[in-house]
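Visitor: what would the 3D arrangement of this be:
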Amino acid sequence: MIAMLDTSQDLDQCAKEIGCEVEQLFTPLTRYLPQKPDQKFAIDNGAYSNFNPKGFLSLLAREQSRRGLCRFVAVPDVVGSARRTIEVFEHWESALREWPLALVCQDGQENLPIPWHSIAALFIGGTTDWKMGPHASACIKAGKAIGKWVHVGRVNTPGRFEYFKDLGADSIDGTGISRYSHMREKIYRERLIPELFKDA
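Guide: You can find the predicted model right below:
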């Protein structure tokens, strides 16, 4: 599983701290410059904090020449509402069709169809209860069965990291692991250091 980080910190150092492959996640909120111009990346829309359409489109324009390296662009979404997110997806889809699109799944997605033929990736968003529940798990399993890239947002703890890794997610992100070495190192310690040596 790949950790996609929205960070200005050195990606190689971040990878050592967390103990897995790291790629860059770009957002219109921070607009960090590419550290590795030839490496694959993804683009989030910033809707979890505050969606800025102009900033989002400006970021896409900036990365246009590297579009072939992009794993996915998270189409604008409405946090906590799958129905409203699908409506917003339909509004933005034609404007973004030259990019590999990701639908951000939200609470209630289990009751609505996923536009599989229009997307390259599934992005698991939603409230914490929904994300950690059976409906999000079913979305992940469906995405993997169809052969789509699956990304999960807001994964900042060892427990969540292992949970989504075991479900087959391809990548994760998290504000905490993007900013703080101690959060990345905690995931590394919980995952990779044998139980015998944890208290040493």
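
Visitor: please make it C-alpha for all contacts and neighbour counts, starting now.
Guide: Noted.

Visitor: all strands for this structure, in order.
Guide: Using DSSP state E, the strands of the chain run over 2-5, 22-26, 41-43, 70-74, 101-105, 121-124, 149-152, 171-172.

Visitor: mind putting the ones you listed in TSV, mean pLDDT included?
Guide: Below are those laid out as TSV (pLDDT from 0 to 100):
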stretch	mean pLDDT
strand 2-5	98
strand 22-26	98
strand 41-43	98
strand 70-74	98
strand 101-105	98
strand 121-124	98
strand 149-152	98
strand 171-172	98
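
Visitor: could you tell me the end-to-end distance of stretch 92-109?
Guide: End-to-end distance of stretch 92-109 (Cα to Cα, to the nearest Å): 18 Å.

Visitor: check stretch 22-34 too.
Guide: End-to-end distance of stretch 22-34 (Cα to Cα): 13 Å.

Visitor: repeat for stretch 99-109
Guide: 23 Å.

Visitor: in it, what's buried?
Guide: Across stretch 99-109, burial judged by 16 or more other Cα atoms under 10 Å covers 99-107, 109.

Visitor: how far away from the center of its chain is that stretch?
Guide: From the chain centre to the centre of stretch 99-109 is a distance of 11 Å (Cα atoms, centre = their mean, to the nearest Å).

Visitor: likewise for stretch 88-98?
Guide: 19 Å.

Visitor: can you report how many residues neighbour Arg31?
Guide: Burial of Arg31, expressed as a neighbour count using other Cα atoms under 10 Å, amounts to 17.

Visitor: for it, give me the pLDDT.
Guide: pLDDT recorded at Arg31 is 97.

Visitor: coming back round to it: how about CSV for the strands of the chain, with distance to Cys14 added?
Guide: Output for the strands of the chain, formatted as CSV (distance: least, Cα to Cα, whole Å):
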stretch, distance to Cys14
strand 2-5, 9
strand 22-26, 7
strand 41-43, 15
strand 70-74, 20
strand 101-105, 25
strand 121-124, 22
strand 149-152, 18
strand 171-172, 14
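
Visitor: re earlier: okay, the buried residues of stretch 99-109 in CSV with distance to Leu59 next?
Guide: Formatted as CSV, the buried residues of stretch 99-109 follow (distance: Cα to Cα, whole Å):
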residue, distance to Leu59
Trp99, 13
Pro100, 15
Leu101, 15
Ala102, 16
Leu103, 18
Val104, 18
Cys105, 22
Gln106, 24
Asp107, 27
Gln109, 28
